[in-house]
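Visitor: got a predicted structure plus its sequence, pasted below:
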Amino acid sequence: MKGKFVLAAMAVGGIVFYLSGCAKESADRLSEGSTCDTTGVSYSKQILPILEDNCYTCHQGTAASSGIDLSNFATLQAHVANGDLVSAVTHTGAVTPMPYELPMLASCEVNTIVAWVHQGALNN
């Protein structure tokens, strides 16, 4: 009987430990709905950090994946103008959904990018 109790306690502890790894991400995603401000989106304050955190690993510099360098504002503008940036982050259209083979960005990040594009994609 004591062995079954220990085994059950270990199983419950393992499940709690496993689920705790997702707690911050889940909390971030749950709280974003009330804190996501997409009015007057700034490239330097909002868009650039999203790109740095989620895109630059593959899409930066001369060795950028598929030749798509998002670290240069001028080349980024080309992907804004042809609609590929919005299609990639919203997982719509004919472009490959980004980030590649990962879940879609948090809805606030997607909404911020889309709002920035609709606001003229300014270098501000």
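Guide: Received it, and whenever you're ready, just let me know what you need.
Visitor: can you give me the helices in the protein?
Guide: For the chain, helices defined by DSSP state H occupy the ranges 2-20, 23-35, 48-54, 73-81, 84-90, 107-118.
Visitor: need the CA coordinates for the last one. CSV is fine.
Guide: Listed next in CSV are the C-alpha coordinates belonging to helix 107-118 (Å, rounded to 0.1, in the frame of the first residue of the first chain):
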residue,chain,number,x,y,z
SER,A,107,-1.8,37.4,-30.9
CYS,A,108,-0.6,40.7,-29.5
GLU,A,109,2.6,40.5,-31.5
VAL,A,110,0.7,39.6,-34.7
ASN,A,111,-1.8,42.4,-34.0
THR,A,112,1.0,44.9,-33.4
ILE,A,113,2.7,44.0,-36.7
VAL,A,114,-0.6,44.2,-38.6
ALA,A,115,-1.5,47.5,-37.0
TRP,A,116,2.0,48.9,-37.8
VAL,A,117,1.6,47.9,-41.5
HIS,A,118,-1.9,49.5,-41.6
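Visitor: what's the spacing between that helix and its chain's center?
Guide: 11 Å (Cα atoms, centre = their mean, to the nearest Å).
Visitor: and the angle from that helix to helix 73-81?
Guide: Orientation check (axes from the mean of the first three to the mean of the last three Cα atoms, to 10 degrees): helix 107-118 against helix 73-81 gives 90 degrees.
Visitor: for helix 107-118, which positions count as buried?
Guide: For helix 107-118, burial by neighbour count (16 or more other Cβ atoms under 10 Å) applies to 108, 109, 110, 111, 112, 113, 114, 115, 116, 117. Bear in mind the C-beta positions are built from the backbone N, C-alpha and C, glycine included.
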